[in-house]
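**Student:** Sequence isn't available, so here's the structure alone:
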């Protein structure tokens, strides 16, 4: 997943932007929500594909259940 870079937006499968990439931390994307100073971690195996943004396999509701 070396194509994932800091500052990339993260989109859920239903098109909702979830946050932005802080860094890759082992098997996780460390990310931050727009109005939150805490980091959150998303497993790399939830990534569907990467283009100009990170696109997840999970919809927003399912992603929130994993955090």
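**Tutor:** Received the coordinates, thanks. It should be emphasised that the depicted structure is a prediction, and the values quoted were computed from it without experimental measurement.

**Student:** C-alpha from now on. contacts and neighbour counts both.
**Tutor:** OK.

**Student:** Roughly how far does the most centrally placed residue in the chain sit from residue 37?
**Tutor:** The residue lying closest to the centre of the chain (CA atoms, centre = their mean) is residue 10, at 4.4 Å. Distance, residue 10 to residue 37, by CA to CA, to the nearest Å: 17 Å.

**Student:** Starting from residue 58, give me the distance back to the nearest residue to residue 63 once chain neighbours are set aside.
**Tutor:** Nearest in space to residue 63, with sequence neighbours left out and distances taken as CA to CA, 6 or more residues apart in numbering, is residue 12 at 7.7 Å. Applying CA to CA, the value for residue 12 to residue 58 is 6 Å.

**Student:** ok, the two, which is more surrounded?
**Tutor:** Comparing residue 12 with residue 58 by other CA atoms under 10 Å, the one with more neighbours is residue 12, at 22 against 17.

**Student:** Direction included, what does the top strand by length along the chain pair against?
**Tutor:** Secondary structure of the chain per DSSP state E: the longest strand is strand 17-25. Here strand 17-25 is paired, per DSSP bridges, with strand 9-11 (antiparallel), strand 28-32 (antiparallel).

**Student:** List the contacts of residue 3.
**Tutor:** Residue 3 makes contact with residue 50, according to CA atoms under 8 Å, 6 or more residues apart in numbering.

**Student:** Shouldn't it be within a helix?
**Tutor:** No: the assignment for residue 3 is coil, going by DSSP: H, G, I helix; E, B strand; the rest coil, so no helix is present there.

**Student:** Leaving out the residues flanking it, which one is nearest to residue 54?
**Tutor:** Nearest residue to residue 54, sequence neighbours excluded (CA to CA, 6+ apart): residue 10, at 4.7 Å.
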